[in-house]
Structure formats: C-alpha cells, structure tokens
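1. no sequence for this one, just the structure:
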C-alpha cells in the first residue's frame, strides 16, 4: 500500500480528504528526503574510505620504491671498494629507517583519519536510521488512527 496513492472513503463529518492527503505527502516527502540523504552519506563514507585506502596503498608503494632504491644503491656500491660498500650500506639503512618511520607515521595518521571519518559516518547513519524509524512509527500510528476513525465498508 503506497501512502501517496492511498484513498479513503469520504463520509459526512469525517476528516478533510485534502488535509489527510497533504499530510501524507509531507510525510512521504520527508521520508524520501531522509532516504536520499542516507544513501548519499553512505556513498560519501565509502568514497572517503576508498580514498584513504588508496593513500595507504600509495604509502605501501612508496615503501616498496624505497626498498628498491636501497637495493639499487647496494648493487652499485658492490662494484666499488669495500669502504664505499660499507658507507653505502650505512646510508641506505639510515634512509630506509627514516622512510619506514615516516611511512609508519603517515599510515597511522591515515588510518586514524579513516577511522574518524567512518565513525562519524556511522554515527550520522545511526541518527538518520533512528529518524527514519521515528517517521515510520509516526506514519504507522497515523495510519492506524485513520483506519480506526474510518468505519469499514460492508
């Protein structure tokens, strides 16, 4: 049964049909608006989560690139004297440690931001879901009241 197309029998001294229809349209419109907003927020939260995941993946690729860079340095150093090899290993190890610390910090920040965004989105989703339940309950109650006030036809 659709609230917008629902019809009621008219009787003398009954509710004003136009007012009932108007109120049902308002409720239906609010419900549809909340549903659209809810869907948009879910899409936005998913989009932001994908963006954060992409950032984390980019950091992972940066770590892999840094490791490849370290290996290139070691390979080039292997062709030179023992002193140069020792120096190149020290520099590569320091660079890798620094990059790993930075990557870990960036990854942690990105994960915290993603968690915060998801938490906010979940909270907003809960609020909208509660609002949707309240409106559904109100519509159901109004429908029950209207049915109780309109005698059944025999």
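-> In hand now; what should we look at? Only a predicted model underlies this, so the values are computations on that prediction, with no experimental measurement involved. Numbers count the residues shown, from 1 in each chain.
2. So which elements touch the helix or strand that residue 109 is a member of?
-> Using DSSP states H and E, the element containing residue 109 is helix 82-149. With contacts taken as 3 or more CB pairs under 8 Å, 6 or more residues apart in numbering; DSSP states H and E, helix 82-149 sits against helix 17-78. All C-beta atoms are positioned from the backbone trio N, CA, C, and that covers glycine.
3. Any idea how far the helix it packs on is from the middle of the chain?
-> Centroid separation for helix 17-78 versus its chain: 6 Å, with CA atoms, centre = their mean, to the nearest Å.
4. Packing partners of it?
-> helix 82-149.
5. can you state the direction angle for the helix it packs on and helix 17-78?
-> Note on geometry: by axes from the mean of the first three to the mean of the last three CA atoms, to 10 degrees, helix 82-149 and helix 17-78 are set 170 degrees apart in direction.
6. Over helix 82-149, what's the mean pLDDT, rounded is fine.
-> The average pLDDT within helix 82-149 is 89.
7. what about the closest residue to residue 131 other than its chain neighbours, distance to residue 142?
-> Excluding the flanking residues, the one nearest residue 131 by CB to CB, 6 or more residues apart in numbering is residue 34, at 5.9 Å. Per CB to CB, to the nearest Å, residue 34 is found 17 Å from residue 142.
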